[in-house]
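>>> next one to model:
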Amino acid sequence: SHRPLNVVLLVVDDARWDALGAAGNPVVRTPRIDRLARDGVRFDQARVTTSICMVSRATLLTGQYMSRHGIDAFGRPIAPAAFAHTYPGVLRRAGYWTGYVGKYGVGPPRAGDFDFLRAYEGTHWMPAENGERIHVTEKNARDSIDFLRARPKDRSFSLTVGFFAGHAEDKAPEQYLPQDWSAKAYEGVTIPPPLRGEPKYQAALPPFLSNEANEGRVRYHWRFDTPESYQAYMTRYYRLITELDDAVGRIADELQVQGVYENTLIVVIGDNGYFQADRGLADKWYPYEESVRVPLVVRDPRLPPARRGSTLSQLALNLDVAPTLVAAAGLPVPAVMQGQDLGPLYLAATPPAWRDEFFYEHPTITSKDRIPSSQGVMRKDWKYIEWP
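Numbering: from 1, shown residues only. Modelled structure (predicted):
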């Protein structure tokens with residue numbers, strides 16, 4: 001019999017659903033994630049239940065809504081007793097070798113929670129051991145490969161990589177700082193204008209969002225308020241995504257070289273969507289599609305060949321990732337998890353009945369003038385949004 005599936009979760013920071021070639025984006029170059037989609041399935045209607053990094057990452061770990069896991073502010077950790085019911089906690093107790101690389105985002109990670117931990121975030125360029133600088137994405141790739149090479153070969157493993165790329169350096173005068181090598185992929189490329197860039201979309205927002213004190217407007221002015229800055233920033237942003245895609249490819253290649261690719265579940269998801277000048281906004285937070293709809297690709301070796309490359313239209317949530325990883329390991333999903341295992345949607349002869357709506361929630365960040373709270377009921381065809 002063969003060992004339970006290994007699980008690899010790759011979290012892309014600040015990337016909305018269409019930041020992939022596989023999703024029909026004509027400009028971005030993501031050949032390796034596109035290949036995972038061709039070899040697996042792509043959920044075209046994936047959403048997050050809260051569109052901000054620390055809450056979404058806590059939801060990915062716990063399979064719980066913010067209302068239950070309680071991580072609603074920066075720097076707040078998951079308590080040790082609760083960590084036992086996260087997917088890395090459950091897998092590790094079952095004998096998995098667990099690793100975490102890159103952006104953790106849920107308080108400072110505890111070394112004792114993982115067998116292998118290299119966590120860092122916040123800047124695109126970092127000092128390397130030899131006194132040179134290293135790009136955070138290059139470090140993500142090298143650290144992930146270190147984990148795969150150093151792991152005990154007689155145990156199943158779980159690796160989570162929190163790529164920082166895609167995220168801006170919040171306080172930096174220059175917002176997206178890619179590596180030199182990615183420039184050639186975008187030579188002569190013009191980024192199409194924002195999908196909802198006309199003034200009428202901003203005009204339709206509640207006045208407290210289109211107000212210049214709102215952080216979405218503040219960051220819009222940092223990045224997008226001239227056509228030139230929009231081109232420059234979006235090109236650099238897509239370069240960061242392309243570099244991350246290359247790192248994903250290197251991790252997949254290492255799994256192949258080690259002979260474990262065909263026994264490893266790989267999930268790629270965005271932690272939240274991204275306003276790219278749509279509706280006159282930048283960043284995320286608010287319950288509109290640009291902000292809540294994310295890429296989700298699942299490469300599951302159990303998938304029948306005839307189903308490879310399919311696109312699924314069920315409402316998949318970041319809530320579903322933890323139960324999917326635990327179920328793939330052949331373990332019972334903890335009752336405290338609120339998501340559903342996605343596996344039956346692409347493995348079962350007849351897919352199960354599935355949700356057609358979900359609850360969205362977001363806390364106030366610093367003040368209601370800067371980033372106000374929201375909640376609502378989300379469906380594919382309409383939303384009911386309340387601004388508490």
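>>> pick out the residue nearest the middle of this structure.
For the chain, the residue nearest the mean C-alpha position is Gly270 (2.2 Å; CA atoms, centre = their mean).
>>> could you pull up the residues touching Val294?
Each residue near Val294 by CB atoms under 8 Å, 6 or more residues apart in numbering is listed here: 15-17, 46-48, 269-273, 318. (Each C-beta comes from the backbone N, C-alpha and C, glycine too.)
>>> so the closest residue to the residue nearest to the centre of the chain other than its chain neighbours bridges to which residues?
For Gly270, ignoring the flanking residues on the chain, the nearest one in space by CB to CB, 6 or more residues apart in numbering is Val294 at 3.5 Å. The partner list for Val294 in beta bridges (DSSP bridges) reads Ala46.
>>> and Val294, how far is that from Gly280?
To Gly280, Val294 is 21 Å away according to CB to CB, to the nearest Å.
>>> between the contacts of Val294, which sits nearest Val7?
Proximity to Val7 was ranked across these by CB to CB; first place goes to Ile269, at 12.8 Å.
>>> my read is that the closest one contacts Ala46, right?
Yes: here Ile269 lies in contact with Ala46, judged by CB atoms under 8 Å, at a distance of 6.9 Å.
>>> shared neighbours of those two, anything?
With CB under 8 Å, 6+ apart, Ile269 and Ala46 have common neighbours 294-296, 318.
>>> farthest-apart pair in those residues, please.
Pro295 and Asn318 (11.4 Å).
>>> OK, contacts around the residue nearest to the centre of the chain?
Per CB under 8 Å, 6+ apart, neighbours of Gly270: 11-17, 19, 48, 166, 294-296.
>>> per-residue pLDDT, it?
You'll see Gly270 listed with a pLDDT of 98.
>>> please pick the buried ones from the contacts of Val294.
15-17, 46-48, 269-273, 318 (16 or more other CB atoms under 10 Å).
>>> out of these, list just those in strands.
46-47, 269-270 (DSSP state E).
>>> which one of those residues is nearest Gln202?
Among those, and counting by CB to CB, the member closest to Gln202 is Arg47, at 22.8 Å.
>>> so who does that closest one touch?
Residues near Arg47 by CB under 8 Å, 6+ apart: 292-294, 315-318, 358, 360, 378.
>>> skipping adjacent residues, who's closest to it in space?
Leaving aside its chain neighbours, Arg47 sits nearest to Val292 (5.0 Å; criterion: CB to CB, 6+ apart).
>>> the one you found: neighbour count?
Val292: 29 surrounding residues under other CB atoms under 10 Å.
>>> measure the residue nearest to the centre of the chain to Gln256 for me?
Gly270 sits 25 Å away from Gln256, going by CB to CB.
>>> ok, now Arg42?
Taking CB to CB, one finds Arg42 at 21 Å from Gln256.
>>> what is the nearest of the shared contacts of Ile269 and Ala46 to Leu117?
Looking across these and measuring by CB to CB, the closest to Leu117 is Asn318, at 21.8 Å.
>>> so Tyr230 sits against His221, correct?
No: counting by CB under 8 Å, Tyr230 sits too far from His221 to count as a contact (11.6 Å).
>>> which of the two has more neighbours?
Using other CB under 10 Å, the more surrounded residue of Tyr230 and His221 is Tyr230, with 19 against 13.
>>> give me the element that one is part of.
Assessed by DSSP states H and E, Tyr230 sits inside helix 227-257.
>>> list the buried residues of that helix.
So for helix 227-257, counting by 16+ other CB under 10 Å, buried means 230, 232-252, 254-255.
>>> cool, stretch 82-94 as well?
Within stretch 82-94, the residues scored as buried using 16+ other CB under 10 Å are 82-92.
>>> contacting residues for the residue lying closest to Tyr186 once chain neighbours are set aside?
Leaving aside its sequence neighbours, Tyr186 sits nearest to Thr235 (CB to CB, 6+ apart; 5.3 Å). Going by CB under 8 Å, 6+ apart, Thr235 touches 186, 189, 191.
>>> and Ser388, what is it in contact with?
Heads up, residue 388 is Pro, not Ser. Counting by CB under 8 Å, 6+ apart, Pro388 touches 373-375.
>>> tell me which element the nearest residue to Glu361 once chain neighbours are set aside falls in.
Distance criterion CB to CB, 6+ apart; nearest residue to Glu361, sequence neighbours excluded, is Gln375 at 4.6 Å. Gln375 belongs to strand 374-378 when assigned by DSSP H and E.
>>> what sits up against that strand?
Contact with strand 374-378 is made by 47, 285-287, 292, 357-362, 383-388, as judged by CB under 8 Å, 6+ apart.
>>> direction included, what does it pair against?
Short version: by DSSP bridges, strand 374-378 pairs with strand 358-362 (antiparallel), strand 383-386 (antiparallel).
>>> ok so Arg302 is a strand residue?
No: using DSSP: H, G, I helix; E, B strand; the rest coil, the assignment for Arg302 is coil, not a strand.
>>> from Ser367, how far off is it?
Distance, Arg302 to Ser367, using CB to CB: 48 Å.
>>> with Asp170 instead?
Distance, Asp170 to Ser367, using CB to CB: 17 Å.
>>> next, Trp181: secondary structure please.
Of the three states, Trp181 takes helix according to three-state DSSP.
>>> can you give me the pLDDT of Ser1?
Confidence at Ser1, expressed as pLDDT, is 41.
>>> ok, now the one 5 residues further on?
The confidence metric pLDDT takes the value 98 at Asn6.
>>> ok, now Ala232?
Note on Ala232: pLDDT of 97.
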